[in-house]
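Q: output the structure for:
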Amino acid sequence: MRRIAGLFLGLLLLAAPALAQSGVSPAAPTPSSPYRSPFANWAAVVVAGDWHAHSDGPTEAFDNARRDVSLTLADLGFARDAIRQYSVRPERYPAVRPGKTDLGVIHAGLRKLAARNTAGCLFYISSHGAPEGVVLDEGILPPHLLAAVINDACPGRPSIVVISACFSGVFVAPLQKSNRMILTAARSDRTSFGCSADDKYPYFDDCFLSSAPLAPDFAALGRAVQTCVARKERDTGAQPPSEPQLWIGADLRPLLPLYTLSHPPPKPTARPPARLKRPAPKR
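A: Have a look, this model is predicted:
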């Protein structure tokens, strides 16, 4: 597999960083808007990094996750026009029109979104992984390069990074910042599960999607995903356990409970039609 060119890293690290944004507290309600999601002014990118199953045949698992994680983020309070999706095969999804999974394109897209949405950043990728990093189309995105991209696009603001891939624990240490949360699908020395040709989602993404509607905040969501993955692996006999990793920086930890997640109201259940009472017979 071709590696992402080291030249790009050099150019990126030499680029002038964007201006740091002040104020990381969640947005407060106003009289005209009784509730405004703390994530309404966040930038978010969601990436499908590959389209191959572990057997090397095709799979929709990563693109299914990309699509439905994006929809879930909108339900949780992110502005729909502040969420950008990326796919290795974007031409297959004309209704969504995702961008091409390419590091330069993703970096430029995140910078553009972050310039308009200045309160925070979320980066989510679903793909295969290796001890060196996460698969990004035909290359490997290493931890230090992803850290450089996020540091450049989102300086001085809280950020949440979610990496659904085998060995994704290798990203935890290089990505650490005091205002950042990192959630990975596995330890640095473990695989994750659910990327076969007939899987709808990888296990981790499935648990993220199923846990999100009940989680009050991202810290609780991370813990719920860890519990869900462990249960799913026990139920299916997947071994050894992937052990998803959750790390939260010291400055962000006390604030995360204030970044409450929105939840759409439950859909009303259809009531059966009322039965007409038969009039009592006259005597």
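Q: which residue would you name as the spatial centre of this protein?
A: By C-alpha atoms, centre = their mean, the chain has its centre lying nearest to residue 124, at 3.2 Å.
Q: what are the phi and psi values for it?
A: As for residue 124, its main-chain torsions (degrees, to the nearest 10) stand at phi -130, psi 130.
Q: next: the one 5 residues further on.
A: Dihedral angles of residue 129 (phi, psi; degrees, to the nearest 10) stand at phi -140, psi 170.
Q: re earlier: ok, the residue nearest to the centre of the chain - contacts?
A: The neighbours of residue 124, taking C-beta atoms under 8 Å, 6 or more residues apart in numbering as the test, are 44, 45, 46, 47, 69, 73, 161, 162, 163, 164. Glycine gets a C-beta too; all of them are placed from N, C-alpha and C.
Q: buried subset of those residues, written for PyMOL?
A: When burial is assessed using 16 or more other C-beta atoms under 10 Å, the buried subset of the contacts of residue 124 is captured in PyMOL by this command:
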select buried, resi 44+45+46+47+69+73+161+162+163+164
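Q: least confident secondary structure element in the protein?
A: Of all helical and strand segments in the chain, the minimum by mean pLDDT, DSSP states H and E falls on helix 6-14, at a mean of 42.
Q: pLDDT added to the contacts of residue 124, as a markdown table?
A: Formatted as a markdown table, the entries for the contacts of residue 124 read as follows, by pLDDT from 0 to 100:
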| residue | pLDDT |
| --- | --- |
| 44 | 98 |
| 45 | 98 |
| 46 | 98 |
| 47 | 98 |
| 69 | 98 |
| 73 | 98 |
| 161 | 98 |
| 162 | 98 |
| 163 | 98 |
| 164 | 98 |
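Q: residue 248: which of the contacts of residue 124 is nearest?
A: residue 161 (11.2 Å; C-beta to C-beta).
Q: please, which helix or strand holds that closest one?
A: Using DSSP states H and E, residue 161 sits within strand 159-164.
Q: strands paired with that strand, and their directions?
A: Strand pairing for strand 159-164, determined by DSSP bridges: strand 120-126 (parallel), strand 180-184 (parallel).
Q: of those strands, which is nearest residue 214?
A: Among the strands paired with strand 159-164, the nearest to residue 214 by C-beta to C-beta is strand 180-184 (16.4 Å).
Q: would you mark the buried spots in the closest one?
A: By neighbour count with 16+ other C-beta under 10 Å, strand 180-184 contains the buried residues 180, 181, 182, 183, 184.
Q: could you list the residues in contact with the helix or strand just after that strand?
A: The element immediately downstream of strand 180-184 (helix or strand, assigned by DSSP H and E) is helix 203-211. Helix 203-211 is contacted from outside by 61, 64-65, 68-69, 72, 126, 162, 164, 185-186, 192-194, 200-201, 221, 224-225, 228-229, 232-233, 238, 242, 244, using C-beta under 8 Å, 6+ apart.
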